[in-house]
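Student: here is my input; please provide its structure:
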Amino acid sequence: MARSEARALRAIFFQEDPTRRSIAEDTRLSLVKVSAVLNDLEGRGIVLKEGKTRTSGGRPSHIYALRSDLGYTLGLNIRLDQVRVVAMDCAKGLLFRSSSPLSLSPDPATHQEGIVTQVCATIDHAMEAMGGPERLLGIGLALPGMVDTRRGVWLLGLQLTGITHIDIADFLARRYGVPVMVEDVARSLAFRQMLLGEGRTLRNFVLLYLGLGMGTGVVVERKLYRGSHGLAGEIGHIEHPQNNYRCSCGNVGCLETVVSPAGILRVFRDRLADGVRSQLQSHVAPGAEPLSLDAIRAAAAAGDRLALSTLAEIGGFLGDACAMLIKLFNPQALILSGDVTVFAEFLRDPVERVIVRHVLPEMLTDYRTHFAVYGPEDEAHGAALLGVAHLFDRLVSGVRREQG
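Tutor: Next up, the predicted model:
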């Protein structure tokens with residue numbers, strides 16, 4: 001594939017309403033060259049026109065899109081207890097979704113082999129559901145812990161014990177014969193938000209992930225910022241002076257020990273164990289239904305004093321994290337995503353109060369805090385999108401090497 005074709009296809013995939021002019025601006029090709037490339041790709045059945053849009057000059061322009069049936073990309077998300085997978089077409093739509101339990105032995109030394117085996121089984125099942133591997137374009141993985149995306153190495157699993165420096169991208173690429181992209185869960189969600197969510201119209205934003213731990217996806221000028229080894233944005237492991245819980249990283253006071261789902265449940269269990277009056281006491285009795293985020297939310301909605309006061313306190317911790325991120329990155333928005341957004345209506349006010357109290361007003365000009373609508377497949381969907389991005393990057397850079 002010619003370099004100009006690869007660049008045009010990448011622009012079409014990543015732009016919301018790609019026109020001939022916007023593709024030319026993105027690729028830095030002339031309008032004449034872009035027209036020739038688009039006509040050729042359309043004639044070959046790779047791209048198609050989808051209606052028209054008005055330009056600033058008033059003349060309507062065709063909107064281009066990749067044909068959705070060119071192939072599919074798999075996105076996987078590994079959690080503590082399950083592996084989720086989605087298959088995404090070239091129009092960014094989900095064709096298939098599935099989850100399976102993640103079964104690990106009591107010995108952490110065997111976890112690496114067990115996880116890789118179950119990931120391969122999940123990929124095999126998804127390919128079978130999609131009719132085979134022939135149309136598989138790439139694979140993306142959203143992984144917990146720390147990831148070196150550039151090298152494709154899963155550095156640490158943190159809460160998922162036994163994971164140390166797995167060269168998982170290279171292994172899967174050799175096994176399945178397609179490009180493989182690995183990323184941490186926060187940046188996978190940030191990438192999805194940039195293309196399909198609240199970040200579509202933003203140049204600079206930070207996604208604050210509150211799921212299996214706490215992390216950030218930093219977007220600067222429409223690009224993910226990863227740091228020198230992919231470890232940028234580990235705000236979950238910044239210590240808070242009012243927190244005495246020990247973290248999975250070994251330190252005491254890390255923010256994620258009180259604002260992640262597991263941290264919130266632990267805080268509530270400890271307070272309930274002290275005998276505090278609450279309708280949630282029924283969930284800690286022997287044989288009772290285990291305490292859950294949904295149960296806490298229901299209690300807060302019913303006016304339970306423990307639920308409301310504890311969520312307000314947690315909102316204060318979360319507000320401190322948000323204020324810190326605003327001061328560091330001066331983003332247009334903070335987008336909060338993950339399981340904890342189920343508490344959005346109870347966290348929003350305490351978060352905003354802390355932000356206003358601790359951040360200079362000049363840094364809040366045109367700023368907003370947004371609690372995203374979170375779905376359990378969002379991380380895997382983000383990983384699939386990153387898999388396509390990696391494919392296009394390889395196509396463009398590969399042609400460059402051939403031409404050099």
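
Student: C-alpha from now on. contacts and neighbour counts both.
Tutor: OK.

Student: helices of the stretch 201-350 of the chain, start to end?
Tutor: Under the criterion DSSP state H, counting those that start in this stretch, the stretch 201-350 of the chain carries helices at the ranges 256-259, 261-273, 293-301, 305-329, 344-358.

Student: of these, which stretch is the most buried?
Tutor: Most buried of those by mean neighbour count (mean count of other C-alpha atoms under 10 Å) is helix 256-259; its value is a mean of 28.

Student: that older thread, same list, the helices of the stretch 201-350 of the chain, but as JSON lines with mean pLDDT please.
Tutor: Shown next, in JSON lines, are the helices of the stretch 201-350 of the chain (pLDDT from 0 to 100):
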{"stretch": "helix 256-259", "mean pLDDT": "90"}
{"stretch": "helix 261-273", "mean pLDDT": "93"}
{"stretch": "helix 293-301", "mean pLDDT": "97"}
{"stretch": "helix 305-329", "mean pLDDT": "95"}
{"stretch": "helix 344-358", "mean pLDDT": "97"}
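
Student: what about G215, how many neighbours?
Tutor: Around G215 there are 28 other residues, counting by other C-alpha atoms under 10 Å.

Student: mind checking how far it is from R187?
Tutor: 8 Å (C-alpha to C-alpha, to the nearest Å).

Student: residue contacts, the spatially most central residue of the chain?
Tutor: Using C-alpha atoms, centre = their mean, the residue of the chain that lies closest to the mean C-alpha position is L189, 1.6 Å off. For L189, the contacting residues are 207, 209, 217, 337, 378-379, 382, taking C-alpha atoms under 8 Å, 6 or more residues apart in numbering as the criterion.

Student: again, only using 7 Å
Tutor: Taking C-alpha atoms under 7 Å, 6 or more residues apart in numbering as the contact definition, L189 lies against 378-379, 382.

Student: can you check L195 too?
Tutor: Counting by C-alpha under 7 Å, 6+ apart, L195 touches F14.

Student: one more time with 6 Å
Tutor: L195 makes no contacts at all, as judged by C-alpha atoms under 6 Å, 6 or more residues apart in numbering.

Student: give me the element it is part of.
Tutor: Take DSSP states H and E as the rule and L195 turns out to sit in helix 185-196.

Student: quick one: buried residues of that helix?
Tutor: Neighbour counts using 16 or more other C-alpha atoms under 10 Å place 185-195 of helix 185-196 among the buried residues.

Student: pLDDT and distance to L386 added to those residues, as TSV?
Tutor: Compiled in TSV, these are given as follows (pLDDT from 0 to 100; distance: C-alpha to C-alpha, whole Å):
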residue	pLDDT	distance to L386
V185	95	11
A186	95	12
R187	96	10
S188	97	7
L189	97	10
A190	97	10
F191	97	7
R192	97	8
Q193	96	12
M194	96	11
L195	95	10
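
Student: report the two of these separated the most.
Tutor: Taking C-alpha to C-alpha as the measure, these span a maximum distance of 15.7 Å, between V185 and L195.

Student: show me where the stretch 51-200 of the chain has strands.
Tutor: Listed from the start of the chain, the stretch 51-200 of the chain has strands (DSSP state E, counting those that start in this stretch) covering 60-66, 72-78, 82-89, 94-101, 136-143, 146-148, 153-156, 164-166, 180-184.

Student: beta partners for A333?
Tutor: Here A333 sits in beta bridges with F205, R368, going by DSSP bridges.

Student: OK, contacts around it?
Tutor: Contact criterion C-alpha under 6 Å, 6+ apart gives 205, 367-369 as the residues in contact with A333.

Student: present those residues as TSV; the columns should include pLDDT.
Tutor: Output for these, formatted as TSV (pLDDT from 0 to 100):
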residue	pLDDT
F205	97
Y367	96
R368	96
T369	97
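
Student: which of those are buried, as a ChimeraX select command?
Tutor: Command for ChimeraX, covering only those of these found buried under the criterion 16+ other C-alpha under 10 Å:
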select :205,367,369
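
Student: return the member of the contacts of A333 nearest to V354.
Tutor: Of all these, V354 sits closest to T369, with 12.1 Å by C-alpha to C-alpha.

Student: which non-adjacent residue is nearest that closest one?
Tutor: On the basis of C-alpha to C-alpha, 6 or more residues apart in numbering, the spatially nearest residue to T369 that is not a chain neighbour turns out to be L334, at 4.9 Å.

Student: correct me if wrong: the one you found contacts V206.
Tutor: Yes - here L334 lies in contact with V206, judged by C-alpha atoms under 6 Å, at a distance of 5.0 Å.

Student: please identify which of the two sits among more neighbours.
Tutor: The residue with the greater number of neighbours, taking L334 and V206 and applying other C-alpha under 10 Å, is V206; the counts read 29 against 26.

Student: chain center to the helix holding L195, what's the gap?
Tutor: Here helix 185-196 shows a centroid-to-chain-centroid distance of 4 Å under the convention C-alpha atoms, centre = their mean, to the nearest Å.

Student: with only the CA atoms kept, save it in CSV.
Tutor: As requested, the backbone C-alpha atoms of helix 185-196 are provided in CSV (Å, rounded to 0.1, in the frame of the first residue of the first chain):
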residue,chain,number,x,y,z
VAL,A,185,-6.9,0.5,30.9
ALA,A,186,-6.9,4.2,31.6
ARG,A,187,-5.3,5.2,28.3
SER,A,188,-7.6,2.7,26.5
LEU,A,189,-10.6,4.5,27.9
ALA,A,190,-9.1,7.9,27.1
PHE,A,191,-8.6,6.8,23.5
ARG,A,192,-12.2,5.7,23.2
GLN,A,193,-13.4,8.9,24.7
MET,A,194,-11.3,10.9,22.2
LEU,A,195,-12.9,9.1,19.3
LEU,A,196,-16.4,8.3,20.4
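
Student: ok, R226 to A8 distance?
Tutor: R226 sits 25 Å away from A8 when distances are taken as C-alpha to C-alpha.
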